[in-house]
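>>> For reference, the sequence and a predicted model appear below.
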Amino acid sequence: MDVTAPSSGDAQAFARREGLSLSRLADRHFLILAAWPALLAMLLVTAVPFAATLGLSLTDYDLVRSQAWHFIGAQNFVELVRDPQTPRIVLNTLYLVVGTTAIDTLVGLGLAVLMEGSFRGLRFIRTLYLLPIMTAPIVVALCWRAMFNNDAGWINYALKLLGLPQPVWLGNPALAMPAVIISDMWTGVPFQAVLLLAGLLGVSAELKEAAQADGANGWQVFWHVTLPSVRPVLMIAVILKFIDAFRKFEGIQLLTTGGPGIASTTLNLHIFVTGLTYDRVGYAATFGVVMIAMIAATVGVLYAGMRRLA
């Protein structure tokens, strides 16, 4: 059988085609290839601790008898469901998350709209809004604890000047969580405002001018042009705030220590107290699994909504 060897020209053409196909493949999947190192690092710092937490939740591990722990299966989860404090702690967590996210986002959006304008000293005001974000959470909590002081606090002093009643903010079960939410506004509102301002500055000026030329007033331009344009940024800001609210710890610990009673105790604080004060690390890990599940479910719902609205 006669087999003709490929010529040097055919070999070169084949090599060029292969080189082009590999180059196109690399260009097409570059983002995926570039994301792998970050993905592996993320799995290392998230998946591994979550797996360890899940494993601890199935044991009776504690800090007192750390060498004599046993695998107990789902007993911690059964105790969690039967614990009469669990519903109140979960509701406190949802109260904090929804309250801080709604208030900080709405107020932040309003401030972002004001900072989008053009007036003298605007750059200085925008810079000022970055200062609370850079303040340590412990410092913020200590300042607000002083302001909520019953006898010498500025808030009750102002209420007294106005002839209004001066409540016991941090000692009243009905006011403890609102006080935590108010203190969170110091850093939460500027953070949302900066994010949303970046989205507002990216809205096309031509669209606004076209709407105004058609007779739309300022509110109609904002509602029908500006807000739909910043909707993706708004959803991202809401998701980030939700996650940050679930992680809130220093403010509650220093302001109310979860009290009075458990009126302001959230999952994050309860995990700390159960694991490090009562030494029940296994049971604390159970609450950690519940909190991670709540965060994942919340972010999943918000992300699905964001994709539907996009």
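Good, I have the coordinates. Numbering: from 1, shown residues only.

>>> With just CA atoms, put stretch 128-138 into CSV.
What follows is stretch 128-138, C-alpha atoms only, in CSV (Å, rounded to 0.1, in the frame of the first residue of the first chain):
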residue,chain,number,x,y,z
LEU,A,128,-16.4,62.4,55.1
TYR,A,129,-18.7,59.5,54.3
LEU,A,130,-15.7,57.2,54.1
LEU,A,131,-14.5,57.9,57.6
PRO,A,132,-17.2,55.9,59.5
ILE,A,133,-16.4,52.9,57.3
MET,A,134,-12.8,53.0,58.4
THR,A,135,-13.7,53.3,62.1
ALA,A,136,-13.2,50.1,64.1
PRO,A,137,-16.5,48.4,65.1
ILE,A,138,-15.4,48.3,68.8
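
>>> any idea of the mean pLDDT for that stretch?
The average pLDDT within stretch 128-138 is 81.

>>> buried stuff in that stretch?
Residues 129, 137 are the ones in stretch 128-138 that count as buried (16 or more other Cβ atoms under 10 Å). Every C-beta, even on glycine, is put in place using the N, C-alpha and C of the backbone.

>>> List the contacts of that stretch.
Here stretch 128-138 makes contact (Cβ atoms under 8 Å, 6 or more residues apart in numbering) with 111, 115, 140, 186, 187, 190, 191, 193, 194, 250, 251, 254.

>>> same thing but at 7 Å, please
Applying Cβ atoms under 7 Å, 6 or more residues apart in numbering, the contact partners of stretch 128-138 are 186, 187, 190, 191, 193, 194, 250, 251, 254.

>>> Show me those residues that map onto helices.
Mapping the contacts of stretch 128-138 onto helices (DSSP state H) picks out 186, 187, 190, 191, 193, 194, 250, 251, 254.

>>> Tell me how far residue 261 lies from residue 284.
Per Cβ to Cβ, to the nearest Å, residue 261 is found 19 Å from residue 284.

>>> pretty sure residue 274 contacts residue 280?
Yes - counting by Cβ atoms under 7 Å, residue 274 does reach residue 280; the two are 5.3 Å apart.

>>> Can you pull out the low-pLDDT segments for this protein?
Applying pLDDT under 70 to the chain flags residues 1-31, 66, 118-119, 306-310.

>>> returning to that earlier point: so between residue 261 and residue 284, which is more surrounded?
Set residue 261 next to residue 284 and count neighbours by other Cβ atoms under 10 Å: residue 284 wins out with 24 against 11.

>>> So the more buried one is in contact with residue 273, correct?
No - contact criterion Cβ under 7 Å: residue 284 and residue 273 do not qualify, at 8.2 Å.

>>> List the residues that contact residue 111.
Neighbour list for residue 111: 189, 193 [criterion: Cβ under 7 Å, 6+ apart].

>>> What strand or helix carries it?
Per DSSP states H and E, residue 111 falls inside helix 86-116.

>>> Spatially central residue in the protein, please.
In the chain, the C-alpha nearest the mean C-alpha coordinate belongs to residue 243, at 2.5 Å (Cα atoms, centre = their mean).
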